[in-house]
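> structure of the sequence below:
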Amino acid sequence: MNTNTFDKLQFDKIIETVQSYCTSSLGQTLAENLHPYKQYAQVMQKLAETSEARAILDAFGNFTLSGTENIAEIISYVEKDGILNVGQAAQALAFLHGVGKVKSFMQNKDYYAPTLCLLAEGIVDPQPIIAEFEEMIQNNQIADNATNELRTIRRHIALTEDKIKNKLESFLRSKANEKHIQEFFISKRNGRQTIPVKITSKNLVAGTVIDSNKKTAFVEPDTVRKLTDELVVLESEQTQEEYRILCILTDILYTNLYDIQNNLHTLAALDFAFAKGRYSRAINGIAPELNDHGVIQIVNGKHPLLEGDVVPLNVEIGKNFRTLIITGPNAGGKTVAMKTIGLLTLAVQAGLHIPCHPNSNLSIFEQIFVDIGDDQSMENALSTFSSHVKNLALCVNKANKSTLLLFDEIGSGTEPGEGSALAIAILEDVYQKGAITVASTHMNEIKNYSSLHPDYENAAMKFEKETLKPLYQLQLKKAGNSHALWISKQMGIQEKILQKAERYQANKDYDFRPVPSAKVRTPSAVSETKVYPSYTVGDRVYVQTLQQSGVVHKPKDEHDQVEVFFEGEFKTLHVRLLKLEVSAENLYPIGYDMDQVFRSWNERKLEHDLERGSKKTIKKIKKYGIDELLKD
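Numbers count the residues shown, from 1 in each chain. Presented below is the predicted three-dimensional model:
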């Protein structure tokens, strides 16, 4: 499996989630290395571990290694002849207690978890080692009674410290010393017990200055010097004895190193297995049926990373056909459907439960290749299409009969004719290699090809017929439409643009009118000559001086004069008197006969009557004349 597949299908998010369900760093290390297996027996074993952990959790509640230390680094340190310190010895004891708890918890649970119980049976009983450690380590410290020698030394230390304390307190209570004392308390400086004395009295007190500052000298009175020297010797003896005890504990650990390492690996495996069980409970997962010959049957499957009310996916491939072509609009769920197929397959091969119906059946693949999303590379100067083709080349070249291929919008990003031809050729090549392929497309050529191929099947994302609202349901044996205009409307494209698009789709009657001059920016005038706006025939303008609106009949001439039509009357006005109200393109449809705006109803009726050969109209013209008819 390549990293691109993991990245595109977000398998790393699954790993992070499983890690979060581990209760110690022991399992987290294994979860970090979670990966799909390629052998049928391995996948079955990993799924069985997950199922058994889930069964125990459902029957007996939570299982935790919380508080159990990961002593892998300590073991490595001891292997290299290192001597434990007190903290490391306490960590080792905590680990041993955790081992004991796990072994006790897993007893008599063979009915629910035969595989995990067999694994737990391999745990070497830590109680003998615990007993030896607890004689010497208590409350994360070396115990007073660890050895007779240490007990004696510490008793003498306590007696000596009491004697020093009593003599110093007597020194503080002395009237003779009262005037020399700066602060009435005992202060430990550089390992010696001292009295804070005024700096001016440091030579007036019988004792040794251990430390000082501008105001205070910290003096060790002569009365305690001998006792302090004795204390230093006792503390040195204590250090030596504690070191000897730590050597004993290190030797115990070293002697049992193999068993401890075995227990460490077993606890890590159990913590990881129960993390997978917790993940299964969180997603309401199951272990599907498993096959090794390319059949995928997902029943009510859900994408494990999607939250909320997720529409389940029902799809099958590999039994009655080997290539599935998914069609339908953008935002209809095609990509999510493909990612769901890919991610569920990866998860199962990694030994994880998946959120679907137990009747689901998934296959083991040696390789899963994915081409989903925009891989445009600025660094390598590759276009989106070039990047897709580069990735497709990798997929095609390495595909075989144990490969699952997921191609999103195959053949897109270039001229449709060439793109569809290339896509069909690629689909045919990987089909001949025996690969199972799921691809999405908008191209009718690919849909038509799929409908003709006996081992291909079309599928469409379902929409409500009335509203074209996406339902995110995959329907086999159907080819879907892209519904681009409906989606564009939902995204805010103006109705007039959508109407044009529908007309262009039907008859290719494109609008080739030039952009109105008023909408074209012109260079700023270099001189101070006033530049007035231009108006197009049909623009509705307002004339302030007349307080009246009219329609432009002729655009401005070289003298900036514009002819405007006002309710049957034409007037010529300077452009500076006009103000645009509505442009012609927003008033009249494309191809509208503007002459109708400027001619009276009588003119249009007379022209219509003459065109149809009205005898009544001809008689009136002969009798009254055209001018008289137009006046009526």
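
> all contacts plus neighbour counts: C-alpha atoms, from now on.
Noted.

> after the helix or strand encompassing Thr228, next one along is what?
Using DSSP states H and E, the element containing Thr228 is helix 222-255. Going down the chain from helix 222-255, the next helix or strand is helix 257-283, by DSSP H and E.

> give the rounded mean pLDDT of the helix holding Thr228.
Across helix 222-255, the average pLDDT comes to 94.

> now the angle from it to helix 257-283?
Angle of helix 222-255 versus helix 257-283, following axes from the mean of the first three to the mean of the last three C-alpha atoms, to 10 degrees, is 80 degrees.

> elements contacting helix 222-255?
Judged by 3 or more C-alpha pairs under 8 Å, 6 or more residues apart in numbering; DSSP states H and E, helix 222-255 is in contact with helix 72-79, helix 86-105, helix 127-136, helix 148-173, strand 207-212.

> how far is it from where the chain is centred?
Relative to its chain's centre, helix 222-255 lies at 55 Å (C-alpha atoms, centre = their mean, to the nearest Å).

> low-scoring stretches of the stretch 251-400 of the chain, by residue?
Scanning the stretch 251-400 of the chain for pLDDT under 70 picks out the ranges 329-332, 374-385.

> circling back to that earlier point, lowest-confidence stretch among the helices and strands packed on helix 222-255?
When those are compared on average pLDDT, strand 207-212 comes out lowest at a mean of 88.

> which strands border that strand, and is each parallel or antiparallel?
Paired neighbours of strand 207-212 in the sheet (DSSP bridges): strand 216-221 (antiparallel).

> what sits up against the strand it pairs with?
With contacts defined as C-alpha atoms under 8 Å, 6 or more residues apart in numbering, strand 216-221 is touched by 168, 182, 187, 189, 192-199, 202, 205-212.

> what does stretch 59-73 give?
With contacts defined as C-alpha under 8 Å, 6+ apart, stretch 59-73 is touched by 23-26, 57, 91-92, 94-95, 97-99, 102, 261, 264, 271, 274.

> and if we set it to 7 Å?
23-26, 57, 91-92, 94-95, 98, 271 (C-alpha atoms under 7 Å, 6 or more residues apart in numbering).

> mind listing what's buried along that stretch?
Neighbour counts using 16 or more other C-alpha atoms under 10 Å place 63-65, 68-71 of stretch 59-73 among the buried residues.

> please apply the same query to stretch 346-360.
For stretch 346-360, burial by neighbour count (16+ other C-alpha under 10 Å) applies to 346-358, 360.

> Ile372 reaches Leu405, doesn't it?
No: between Ile372 and Leu405 there is no contact under C-alpha atoms under 7 Å: 10.7 Å.

> residues in contact with Asp292?
40, 363-364.

> ramachandran angles for it?
In terms of degrees, to the nearest 10, the main-chain angles of Asp292 are phi -120, psi 20.

> kindly report the same for the one 4 residues further on.
In terms of degrees, to the nearest 10, the main-chain angles of Ile296 are phi -120, psi 120.

> show me what it is bridged to.
As for beta bridges, Ile296 partners with Ile317 under DSSP bridges.

> distance check, it against His353.
In this view, Ile296 and His353 are 15 Å apart by C-alpha to C-alpha, to the nearest Å.

> what ranges do the helices span in the stretch 301-450 of the chain?
For the stretch 301-450 of the chain, helices defined by DSSP state H, counting those that start in this stretch occupy the ranges 334-349, 384-398, 416-432, 444-452.

> most tightly surrounded among those helices?
Stretch with highest mean neighbour count among the helices of the stretch 301-450 of the chain: helix 334-349 (a mean of 23; mean count of other C-alpha atoms under 10 Å).

> now do the SS call for His293.
Per DSSP: H, G, I helix; E, B strand; the rest coil, the secondary structure class of His293 is coil.

> bridging residues for the closest residue to it other than its chain neighbours?
Closest residue to His293 apart from its sequence neighbours, by C-alpha to C-alpha, 6 or more residues apart in numbering: Ser363 at 6.4 Å. When bridges are called by DSSP bridges, Ser363 pairs up with Asn291.

> around Ser363, how many other residues sit close by?
22 (other C-alpha atoms under 10 Å).

> now do the same contact list for it.
Ser363 touches 290-296, counting by C-alpha under 7 Å, 6+ apart.

> cutoff 8 Å now
Residues counted as contacts of Ser363 (C-alpha under 8 Å, 6+ apart) are 290-296, 345.

> check Leu324 too.
Contact analysis of Leu324 by C-alpha under 8 Å, 6+ apart lists 317, 437-439, 456-459.

> show me the two of these that sit farthest apart.
Spanning the widest gap among those are Thr437 and Ala459, at 13.0 Å by C-alpha to C-alpha.

> tally of neighbours for the closest residue to Pro312 other than its chain neighbours?
The shortest distance from Pro312 to any non-neighbouring residue, by C-alpha to C-alpha, 6+ apart, is to Asn300 (4.6 Å). Burial of Asn300 is recorded as 16 neighbouring residues (other C-alpha under 10 Å).

> packing partners for the strand or helix carrying Asn300?
In this structure, Asn300 sits in strand 296-301 according to DSSP H and E. If contacts are counted by 3+ C-alpha pairs under 8 Å, 6+ apart, strand 296-301 sits against strand 313-317, strand 361-363.

> any idea how far that strand is from the chain center?
24 Å.

> need the CA coordinates for it. PDB is fine.
The C-alpha atoms that make up strand 296-301 are tabulated as PDB, following Å, rounded to 0.1, in the frame of the first residue of the first chain:
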ATOM      1  CA  ILE A 296     -17.000  -6.300  -2.400                       C
ATOM      2  CA  GLN A 297     -20.500  -6.300  -1.000                       C
ATOM      3  CA  ILE A 298     -21.200  -3.400   1.400                       C
ATOM      4  CA  VAL A 299     -24.600  -3.400   3.100                       C
ATOM      5  CA  ASN A 300     -25.600  -0.200   4.800                       C
ATOM      6  CA  GLY A 301     -22.000   0.800   5.200                       C
END
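
> what does that strand contact?
Residues from elsewhere that reach strand 296-301 (C-alpha under 8 Å, 6+ apart): 312-319, 340-341, 354-363.

> spatially central residue in the chain, please.
Nearest residue to the geometric centre of the chain (C-alpha atoms, centre = their mean): Lys13, 6.3 Å.

> so when I look at that residue, I'm seeing a helix, right?
Yes: assessed with three-state DSSP, Lys13 lies in a helix.

> rewinding a little: between the helices and strands packed on strand 296-301, which one is closest to Gln432.
When the helices and strands packed on strand 296-301 are compared by C-alpha to C-alpha, strand 313-317 sits nearest Gln432, at 16.0 Å.

> where in the stretch 451-600 of the chain is pLDDT low?
For the stretch 451-600 of the chain, the stretches with pLDDT under 70 are 463-472, 477-491, 497-498, 500-502, 504-513, 515, 519-520, 524-530, 596, 599-600.

> let's see 80
Within the stretch 451-600 of the chain, the segments meeting pLDDT under 80 span 461-532, 567-568, 589-600.

> and the helices in it?
Remark: helices assigned in the stretch 451-600 of the chain by DSSP H, counting those that start in this stretch are 484-490, 495-507, 595-598.

> re the thing from before, which non-adjacent residue is nearest the residue nearest to the centre of the chain?
Spatially, and ignoring its direct neighbours in sequence, Lys13 is nearest to Leu305 (7.8 Å; C-alpha to C-alpha, 6+ apart).

> pull out the buried members of the contacts of Ser363.
Burial by neighbour count, 16+ other C-alpha under 10 Å: within the contacts of Ser363 this picks out 290, 294-296, 345.

> could you dump those residues to a markdown table with distance to Glu611?
Listed next are the buried ones among the contacts of Ser363 as a markdown table, based on distance: C-alpha to C-alpha, whole Å:
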| residue | distance to Glu611 |
| --- | --- |
| Leu290 | 81 |
| Gly294 | 75 |
| Val295 | 74 |
| Ile296 | 72 |
| Thr345 | 75 |
